[in-house]
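coords please:
(chains A, B, C and D)
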4 protein chains.
Amino acid sequence: MNELKIAVIGCGMIGREHIERIQNRIRGASVVAVCDVFEEGAKKGAAIAGEDVRVFTDFNEAINAPDVNAVVVTTPGQFHKDPILAAIKAGKPVFSEKPLANTAADGKEIVDAEMASGKHLVQVGFMRRYDRGYNQLKALLAEGKFGAPLVLKCTHRADGVADDYSTAMAVTDTAIHEIDVLPWLVDDEWDEVQCIMPKTSAKAHEGLKDPQIMIMKTKSGIVTVLEVNVNCGFGYDINCEIVCENGVMNLPCPSFPTVRFDHNVSTKIEDNWILRFIDSYDVEIQDWVDHALKGEAGGSSAWDGYVASITADALVKSQTSGVPEKVVTGGTPDFYKK
Amino acid sequence: MNELKIAVIGCGMIGREHIERIQNRIRGASVVAVCDVFEEGAKKGAAIAGEDVRVFTDFNEAINAPDVNAVVVTTPGQFHKDPILAAIKAGKPVFSEKPLANTAADGKEIVDAEMASGKHLVQVGFMRRYDRGYNQLKALLAEGKFGAPLVLKCTHRADGVADDYSTAMAVTDTAIHEIDVLPWLVDDEWDEVQCIMPKTSAKAHEGLKDPQIMIMKTKSGIVTVLEVNVNCGFGYDINCEIVCENGVMNLPCPSFPTVRFDHNVSTKIEDNWILRFIDSYDVEIQDWVDHALKGEAGGSSAWDGYVASITADALVKSQTSGVPEKVVTGGTPDFYKK
Amino acid sequence: MNELKIAVIGCGMIGREHIERIQNRIRGASVVAVCDVFEEGAKKGAAIAGEDVRVFTDFNEAINAPDVNAVVVTTPGQFHKDPILAAIKAGKPVFSEKPLANTAADGKEIVDAEMASGKHLVQVGFMRRYDRGYNQLKALLAEGKFGAPLVLKCTHRADGVADDYSTAMAVTDTAIHEIDVLPWLVDDEWDEVQCIMPKTSAKAHEGLKDPQIMIMKTKSGIVTVLEVNVNCGFGYDINCEIVCENGVMNLPCPSFPTVRFDHNVSTKIEDNWILRFIDSYDVEIQDWVDHALKGEAGGSSAWDGYVASITADALVKSQTSGVPEKVVTGGTPDFYKK
Amino acid sequence: MNELKIAVIGCGMIGREHIERIQNRIRGASVVAVCDVFEEGAKKGAAIAGEDVRVFTDFNEAINAPDVNAVVVTTPGQFHKDPILAAIKAGKPVFSEKPLANTAADGKEIVDAEMASGKHLVQVGFMRRYDRGYNQLKALLAEGKFGAPLVLKCTHRADGVADDYSTAMAVTDTAIHEIDVLPWLVDDEWDEVQCIMPKTSAKAHEGLKDPQIMIMKTKSGIVTVLEVNVNCGFGYDINCEIVCENGVMNLPCPSFPTVRFDHNVSTKIEDNWILRFIDSYDVEIQDWVDHALKGEAGGSSAWDGYVASITADALVKSQTSGVPEKVVTGGTPDFYKK
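Sure, this is the predicted structure:
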């Protein structure tokens, strides 16, 4: 293949962002088809993609169009499974926004279909694996001088959330990023996970428990302490500290000018996740394109996405049980071993 | 009283430091007697105190000497109780290094004796309450704009420890400082505490579990996550982050020049606890002297010291049980209410 | 134009870097021809560009090849003029690495040719105008709350330099970046410049004066203090502080993990200028491509490059005279006014 | 001497501060007499000093009182000379607030009197020599691994100034601290000094040139660039960067909690010079007391104070001349050589 000719399935906010990204900053790929069950949505996507793009409301038609050779799935999570399965059936590489699917059962179905196809076709959009900071940490760990990681301390803080954000979504929408990126970072797997509830912030809406402290152990015994805090009020603040045997390393924050003003020295905290990880999205999509053009897959696999779902289910269970819950995956199939 | 005339009981390292401090940098106090069961030790103390000081090997004689009107107890922890009780009996203000006593039973005996005496005579040497940084945090919390504290995240890291440092001492020798200072900081009391064991560092000696993660809840629901890590290898590194409803605040580190050298911008981490809190010791002893001269007591009370022992016992129990353990104090007596 | 089909003239290190960049990360452009007076050099460039590229040793042939519609000039500085003039004559957009030319006379010739052509065809490769940090500073200044800039304090530090690096090159090779970017940053023009020589570092090679302090005044009276220090030994360290009426802002450094190790908290300083500004090069070339495809020009113009040469000449003169020297440009031609 | 029994001459703000300091935090000294030409002022001082202190309006009587064995001079600068001369005549150690005197001629008279007395009796209150940060820098320089200092870059910024603050006072009141502390820091002497005027801040009052850039060279060729900026509006901001052959070191700022709030990570800048250097004042006075009790003198000598005056005069001259002016001291007398 010389160029990915992409059908984008789902033209909501993140879909339109990827269309804009691909058409302007990605080399080796173009959006040739856009699809949304709502024709109006599809047209919005087309307006960004440019005049030559074709517009669909049926994802099967879009995916199977002969000039399409790759698929981006940006529908809401519960509608990921069907277009991904269609892409696998068509033998076309498919990039799905996270999560892979909304239930572990759906995830299992995708994993099974991909294995049956015999080809690595699916990449899940956990963009943090492409963040420069996480990669700098991973490189430092690989140097060896810090020794083995023992404890991970992370924060996932957001300014605020919509009224329909639920206690469970602290796991499935928010912690899901750490659930995926941390085992990748330290080359390990989750063993058991627990959720502890501190006093709830007066700023959390009725019924929402916020902040939450998640304690997650890996198979080798690394303990992660993750603070999810989605009403912090001061910005989108992602931190990750790795306590190793010989030293401690911290994820860098995005760089902003340091300013002296009004009796303070200060640096801006990013407003939201789109801006915080905007560079990572570009790198992620370029990497997907580069891999797909060579018939390969990079980033998070369907299996990674499935395991993230299983882990999230265990954490949500612990939100109610209050005790540690086991993460049971049945073991990585040979197909997905690296 | 115009001047404290102090008998120092116990002339080990910390005793000799206090002698040096009092004779050189403290206003309103002088060491007039030094005591150690080992005469040689007492003489070492006297050599620092100056020629006019009297030397004792019996603490009762030293404490009851007519020219002595105040007592500093710097014996090993298991020998704190008797000289403190002697000072209470003599009606003389007494500063005891931490811990108040090595067992909760001993602590109870001291508390009962002090209440029976009807006077506040005992101060326990938890010097962090005098650290400028903790006091800056306490002042910021009092301003109110940050809202209620919800989560505390602390580290207590040391370069390394002696071979006889045991798993329990991670609580009784190390975490004991956070056990005392954190409830003071947020004006709350411990409710239940738990110890979680991550993978142990290859640098910990045989039999020692290190690092440890302590999860401690206050009565109002604040969750503390404390990393005790005494083989970190990079210095004495004390951190305290307070996550509040509207913002987050971090304890400042001691200030050192920032240097650019050999492809790094860096700042020194203090080598050990004596240097880390050296200013606090001076402030603490001056404050004790200032209070004692007015017939008052400041800092950590005997009750605070007793409660710290009870809390430590619960944490040590959790090191084995692995589950949260309750902190049961029976309630603060009126005598100690502020 | 749908796509830039580029001839790269000069296949040294920076030329090969641009070839790699364009072929892998730039959208809307491809290298179709490479040229170097040394055939071997041209072949090295071709090896990076890919199999379909054509190889030249005569820049006129390369520039005038019918399938070429844009030119990148990456020859040594003294050989910039001729290929740039050839591109102007051919009416093809040309990106020249900095400096525009090695003498102000050469620069003037290019400026005159471009004005005569009536089209904005030339962009000079001062990549700092594309650095995110400088752009964040420019945006903060535009917000207005900091008031007018009064003083600029900059450092341009490098680990070390080659043996043929001369005292004058501290201006023409090093300070030249600040000479271009600072007037752009504060929207002003240089008025007079002076070079002050401190004690020379023992690490500077025989005959080289290093460090140097350059004092540069703008027409509105902003005073710049620039430290050029090319034997600093600790990395490539670029700083820029803007002292305004109501506050001070500092250019951010590239972000790296903060690490605790060996009694220090530290962050890496970048090793060299290529890595320090690697993101800026990508943004710069993409921006040139985007502009050129629309028949426009962005970044530093030929006039900017010419003025930089004049300013550098004045600074070099002051290295000997020791007194402030005037920067005389004759005024910006209407053609180059924004 | 066992204890300094001090007469404080001048009971304005700084005088009253020293009285409070000595009576509460200094060991080995007490204020026994206070003096002010205004009886009411003297009584204010006495109210702080305590009931046993004697009150004078004639400084000669106070200094020569038989129970007085040491003197602190805290009158306005133009009235420093006479009480200092009286103390020298009485053979009593005298601590004078900075400056030694308001004119170099007065300074010379004091220096001559002290040399004639044959005893080191005078200490000038340049408290920065006692600041922990400057001492950390001096210790780092002494380690040697950074090599020789080549360039010093300092800021002396204040929130704002009174209406009677003049352009010359930027030197005599403000830069005077750097004039004294920097040669001590790098063990060198001033050779020539120059003042450069950038665009003036809109916040400076009518007639005041602010900020100012002072370029000061030492005899060994170290170049200092000092920004004096007394209308910065964001606090009292003292910085000092030492560029050495092998690295760069920066003076630490006072430590405050780091806070996350309202989309910023920030740290407080101190409000004013009293708070910024409050610890240094305590250390300075204790050191003066400790030296005086041993019949010695520490800190800045009368000669240091005299040389600071001469240097200030040269800088003020350059404010008008615009060119570098020589600092001519005639050479350090043997009496003052260390």
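
wait, is residue A:227 part of a strand?
Yes. Residue A:227 forms part of a strand when assessed by DSSP: H, G, I helix; E, B strand; the rest coil.

and it, what does it touch?
By Cβ atoms under 8 Å, 6 or more residues apart in numbering or on different chains, residue A:227 lies in contact with A:154-157, A:211-213, B:151, B:153, B:243. The C-beta positions use only the backbone N, C-alpha and C, and glycine is treated the same way.

let's go with 10 Å and repeat that
A:153-157, A:175, A:198, A:211-214, A:237, A:239, B:150-151, B:153, B:223, B:225, B:241, B:243, B:248 (Cβ atoms under 10 Å, 6 or more residues apart in numbering or on different chains).

Just give the closest residue to it, not the sequence neighbours.
Excluding its sequence neighbours, the residue lying closest to residue A:227 (Cβ to Cβ, 6 or more residues apart in numbering or on different chains) is residue A:155, at 4.6 Å.

pLDDT-wise, which helix or strand of chain A ranks last?
helix A:273-276 (a mean of 90; mean pLDDT, DSSP states H and E).

Show me which positions of it end up buried.
residue A:276 (16 or more other Cβ atoms under 10 Å in any protein chain shown).

Which other helices and strands does the helix or strand following that helix contact?
Next helix or strand after helix A:273-276 toward the C-terminus (DSSP states H and E): helix A:278-293. If contacts are counted by 3 or more Cβ pairs under 10 Å, 6 or more residues apart in numbering or on different chains; DSSP states H and E, helix A:278-293 sits against strand A:4-9, helix A:13-25, strand A:29-35, strand A:70-73, strand A:94-97, strand A:122-125, helix A:132-143, helix C:13-25.

now the ones you listed as CSV including mean pLDDT?
Converted to CSV, the helices and strands packed on helix A:278-293 look like this (pLDDT from 0 to 100):
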stretch, mean pLDDT
strand A:4-9, 98
helix A:13-25, 95
strand A:29-35, 97
strand A:70-73, 98
strand A:94-97, 97
strand A:122-125, 97
helix A:132-143, 98
helix C:13-25, 95
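
Nearest to chain B, out of the ones you listed?
Among the helices and strands packed on helix A:278-293, helix A:132-143 comes nearest to chain B, with 12.9 Å by Cβ to the nearest Cβ.

What segments of the stretch 201-338 of chain A are strands?
Counting by DSSP state E, counting those that start in this stretch, the stretch 201-338 of chain A has strands at residues A:212-218, A:223-229, A:237-244, A:248-250, A:258-261, A:264-268, A:325-326.

With mean pLDDT added, can I get those strands in a markdown table?
Putting those into a markdown table (pLDDT from 0 to 100) gives the following:
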| stretch | mean pLDDT |
| --- | --- |
| strand A:212-218 | 98 |
| strand A:223-229 | 98 |
| strand A:237-244 | 98 |
| strand A:248-250 | 98 |
| strand A:258-261 | 98 |
| strand A:264-268 | 97 |
| strand A:325-326 | 98 |
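
What is the burial count for the residue lying closest to residue A:50 once chain neighbours are set aside?
For residue A:50, ignoring the flanking residues on the chain, the nearest one in space by Cβ to Cβ, 6+ apart is residue A:23 at 6.2 Å. Here the number of neighbours of residue A:23 (other Cβ atoms under 10 Å in any protein chain shown) works out to 17.

give the contact list for residue A:23.
Residue A:23 neighbours (Cβ under 10 Å, 6+ apart): A:6, A:29-31, A:48-50, A:53, C:27.

Spell out which parts of the stretch 51-200 of chain A neighbour chain B.
A:146-153, A:155, A:157, A:188, A:194, A:196-200 (Cβ under 10 Å from any Cβ of the partner chain).

Show the buried residues in these.
Using 16+ other Cβ under 10 Å, the buried members of these are A:146, A:148-153, A:155, A:157, A:188, A:194, A:196-200.

which ones among the residues you listed are found in helices?
In helices, judged by DSSP state H, none of these are found.

on that earlier part again, could you dump the contacts of residue A:23 to TSV with distance to residue C:297 and neighbour count?
Listed next are these as TSV, based on distance: Cβ to Cβ, whole Å; neighbours: other Cβ atoms under 10 Å in any protein chain shown:
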residue	distance to residue C:297	neighbour count
A:6	32	32
A:29	28	24
A:30	26	16
A:31	29	28
A:48	26	21
A:49	28	24
A:50	24	12
A:53	30	21
C:27	19	19
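
what two of those have the greatest distance between them?
A:53 and C:27 (16.1 Å; Cβ to Cβ).

Now for residue A:323, how many residues are close by?
By other Cβ under 10 Å, the residues close to residue A:323 number 11.

contacting residues for it?
Contacts for residue A:323 (Cβ under 10 Å, 6+ apart) come out as A:192, A:194-195, A:317, B:323.

and stretch A:128-147 with chain D, contact?
No. Judged by Cβ under 10 Å from any Cβ, stretch A:128-147 stays clear of chain D, getting no closer than 15.6 Å.

list the buried ones in that stretch?
For stretch A:128-147, using 16+ other Cβ under 10 Å, the buried residues are A:128-134, A:136-138, A:140-141, A:146.

Tell me who's in contact with residue A:307.
Residue A:307 neighbours (Cβ under 10 Å, 6+ apart): A:100, A:104, A:107, A:111, A:179-180, A:183, A:189-190, A:300-301, A:327, A:329-330, A:332, A:336.

Next: residue A:273.
Applying Cβ under 10 Å, 6+ apart to residue A:273 gives the contacts A:127, A:156, A:158, A:174, A:177, A:236, A:238.

try 8 Å
A:158, A:236.

Taking the contacts of residue A:323 together, which two end up most distant?
A:317 and B:323 (18.2 Å).

want to throw the strands of the stretch 201-338 of chain A into JSON lines with distance to residue C:267?
Output for the strands of the stretch 201-338 of chain A, formatted as JSON lines (distance: least, Cβ to Cβ, whole Å):
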{"stretch": "strand A:212-218", "distance to residue C:267": "27"}
{"stretch": "strand A:223-229", "distance to residue C:267": "23"}
{"stretch": "strand A:237-244", "distance to residue C:267": "14"}
{"stretch": "strand A:248-250", "distance to residue C:267": "9"}
{"stretch": "strand A:258-261", "distance to residue C:267": "13"}
{"stretch": "strand A:264-268", "distance to residue C:267": "13"}
{"stretch": "strand A:325-326", "distance to residue C:267": "38"}
